[in-house]
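# got a predicted model here, sequence first, then my questions.
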Amino acid sequence: MQQIIKGNRVVEDAWQLLPKDTNTDDLTNTGNIIVPLALWLEHAHALKARDGGLGIWLDADEEAEVIADDLQHFQVIALSFPVFSDGRNYSNARLLRDRYGYEGELRAIGDVLRDQLFFMHRCGFDAYALREDHDPHAALASLNDFSEVYQAATDQPLPLFRRR
């Protein structure tokens, strides 16, 4: 079982991330699953009727606005970073937290590296599934890389000059 960073500690991941080619015939009624957006759009009614936990994941080219009216159904929203340099899901994280008021787990998945965690946290992420070749215990310290921030963000809505 994969370990993730969640709530400023390393924990065992209790969720199964389903690939894009999953169909509803492959699903059981129990267990915590994170489904791709396309599966949700096609089979939302059946997925809502399951007994297990439900999450959704968005690729970098998919917009948070598509699921804005369905946020109450998701315990986890995972945002995929296909490569380290693709930052489009930072915007989706801000939208989900600040505009749509999503309060559940917001997880970074894909090519997630230690260097990104502090900035992801500032955008509203609270869980991180690091790339498999990275140690989550070593990366955990990066959430405290900086003691003060100047800009306003999801984690600190007031800029430094307003806090003085």
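Alright, I've got the coordinates.
# now name the helix or strand holding Leu106.
If you go by DSSP states H and E, Leu106 is part of strand 105-110.
# can you name the secondary structure element that comes next after that strand?
For strand 105-110, the following helix or strand on the C-terminal side (DSSP H and E) is helix 117-123.
# quick one: that next one to chain centroid distance?
In this view, helix 117-123 has its centroid 11 Å away from the chain centroid, taken as CA atoms, centre = their mean, to the nearest Å.
# what is the mean pLDDT for it?
Mean pLDDT, computed over helix 117-123, is 96.
# repeat that for stretch 137-152.
For stretch 137-152, mean pLDDT is 90.
# for it, measure first residue to last.
28 Å (CA to CA, to the nearest Å).
# next, the residues that contact that stretch from outside, please.
Residues from elsewhere that reach stretch 137-152, judged by CB atoms under 8 Å, 6 or more residues apart in numbering: 5, 8-10, 113-115, 117-118, 121-122, 128, 130, 155-156, 158-160, 162. Every residue, glycine included, has its C-beta placed from N, CA and C.
# buried residues of it, list them for me.
Buried positions in stretch 137-152, judged by neighbour count with 16 or more other CB atoms under 10 Å: 139-140, 142.
# for stretch 53-68, same thing?
Within stretch 53-68, the residues that count as buried by 16+ other CB under 10 Å are 53-60, 62, 64, 67.
# so how far is the first residue of that stretch from its last?
Stretch 53-68 has an end-to-end distance of 19 Å (criterion: CA to CA).
# what mean pLDDT does it have?
Averaging pLDDT along stretch 53-68 gives 97.
# so how far is stretch 144-154 off the chain centroid?
Taking the mean C-alpha point of stretch 144-154 and that of its whole chain, the gap between them comes to 20 Å (CA atoms, centre = their mean).
# how far does that stretch stretch from one end to the other?
Stretch 144-154 has its terminal residues 16 Å apart, counting by CA to CA.
# which residues in the chain form helices?
With DSSP state H as the criterion, the chain has helices at 37-48, 88-94, 117-123, 136-139, 160-163.
# okay, these in a markdown table with distance to Asp25 next?
Output for the helices of the chain, formatted as a markdown table (distance: least, CB to CB, whole Å):
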| stretch | distance to Asp25 |
| --- | --- |
| helix 37-48 | 10 |
| helix 88-94 | 29 |
| helix 117-123 | 35 |
| helix 136-139 | 33 |
| helix 160-163 | 54 |
